[in-house]
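> sequence and predicted structure, then a few things I'm wondering about:
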Amino acid sequence: MKRAVVVGSGGVESKQNKTTPLTSASGDGASPPVSDRLILRDISFTVESGACVALVGPSGCGKTTLARLLVRLIDLNSEPTPSGLVGDTGSITVDGQSLTAVQRRSIVAAPNGIALVCQDSFVGNRSIRANLLLAAAPNTTGDELIQACKSACIHDRITSLKNGYDTVIGEGGARLSGGERQRLEIARVLLRRPTIVVLDEIGSGLDEALMRRVAKTVISRCKTTLLIAHRLSIVRDFAHRIQVMSEGQIIETGTHQQLMTTNGWYAQTYRQQTGDTEVLPPPTAPQQQPQSIPPPVSAAVQTNQVTPNATS
C-alpha cells in the first residue's frame, strides 16, 4: 500500500509506503514512548500550495501531533516501544524536500518558513515590540508592525497600555490574557510572512466574530494554511478541503458540502454545533464523493503510525 500527504511551496505531503506502524515520536517537547498506543496510523493527505486544509476530529485523535510534526517540534523515528513494537516512520516533505533535512530553527524561526500558532502561544518577558519582531521579515517597518497588530485585532489593546508597544508583558505574557497572547502571536506570524502556517485551535481564546476576522486575515495573507479547529462553522467558511481524523487515522475527506451528504462524524458534529437539521442530497456527477485518500500533488509528508505522548 502506498499513500501520501503533500504540501508544496506552501503545501505539504504525507506518504506511507508500508503498513507497519510508526511507533514513536521524539524531539523537542516529546518524551520517550511509554506504551504501544498508536497516535498516528496510515496518515496520507495532500495540501496544495495556496490552499487551506482543515483537520478536525474529537480530542485526542492526533491533530496536534501532526501539527507538531510539521514544524519539527517532534520528529519521526523508529525507536521501539516497551513491548518492542517498531515500524517505518514515513516522511514529511515540502516541495520535495524532507523536513528532517532542514534544521529546526530554519523551519520555525526563519522568515518564509513554517509558522505554528497554537493555544499556548510563546511570548517572552520582554517588550511587546521585541516579541513581535522575533523572526520578523528583514527590514520590517514600524508601520508594518502596527498594521499587523490591527489585522490581528490587538492594536487597540496594546495602545491602551501605559507604555504601548514598549510595555514589558512579564514572564509568559502574564500581563495579557490567553486570547491576547494568541492575537500577539498571530501579528508576529503576519510580520514573518511564512510560506506555510498551521493554526491549531486559535479560536480557543476568541469569540466567533473575532475568530472569523483573524482567520480571514491569516488565510488570505499566507500561501498555505493547515487549520485545526473544533468550530466547524469556521471550517465550513474557510477550508478548501476537510480531513476528519479519528484515533490517529483520516476517516473522511472532502469539502463541507460533500461531507454533509454523508452521516459521518463531520455531518453529525456540524449539525449538533449549529442546529442545522438540513440533510443535503448526494452530489451528482461530475462531483466526487468524499475520499479517504486524496492523490499526492507536489511535496510530501509521510507518516505511518506514532505512539505516545503528543496527542491533540
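On my side now, so go ahead. Residues are numbered from 1 along each chain as shown.
> what's the nearest residue to Ser98 if we skip its chain neighbours?
Distance criterion CB to CB, 6 or more residues apart in numbering; nearest residue to Ser98, sequence neighbours excluded, is Ser91 at 5.5 Å. No exception for glycine: its C-beta is placed from N, CA and C like everyone else's.
> surely the one you found meets Asp75?
No - taking contacts as CB atoms under 8 Å, Ser91 lies outside contact range of Asp75: 11.0 Å.
> report pLDDT for Val94.
Val94 carries a pLDDT score of 80 in this model.
> wait, is Gln272 part of a helix?
Yes - per DSSP: H, G, I helix; E, B strand; the rest coil, Gln272 lies within a helix segment.
> what about it, distance to Tyr266?
Here Gln272 is placed at a distance of 11 Å from Tyr266 (CB to CB, to the nearest Å).
> more neighbours, those two?
Set Gln272 next to Tyr266 and count neighbours by other CB atoms under 10 Å: Tyr266 wins out with 27 against 10.
> quick check, the more buried one in contact with Thr255.
No - with contact defined as CB under 8 Å, Tyr266 does not count as touching Thr255 (10.5 Å).
> now do the strands in the stretch 151-300 of the chain.
196-200, 224-228, 241-246, 249-254 (DSSP state E, counting those that start in this stretch).
> let's test this: name the helix or strand in this protein with the lowest mean pLDDT.
In the chain, the helix or strand scored least confidently by mean pLDDT, DSSP states H and E is strand 24-26, which has a mean of 31.
> quick one: the closest residue to Ile186 other than its chain neighbours from Met260, how far?
Excluding the flanking residues, the one nearest Ile186 by CB to CB, 6+ apart is Ala152, at 4.2 Å. Distance, Ala152 to Met260, using CB to CB: 31 Å.
> overlap in contacts, Tyr266 and Thr255.
Ile242 (CB atoms under 8 Å, 6 or more residues apart in numbering).
> tell me where this protein has helices.
63-70, 104-108, 128-132, 142-151, 155-160, 178-192, 208-221, 232-238, 256-260, 265-274 (DSSP state H).
> which strands and helices sit next to the third one?
When contacts are defined as 3 or more CB pairs under 8 Å, 6 or more residues apart in numbering; DSSP states H and E, helix 128-132 sits against helix 142-151, helix 178-192.
> how about that helix: buried residues?
128, 131-132 (16 or more other CB atoms under 10 Å).
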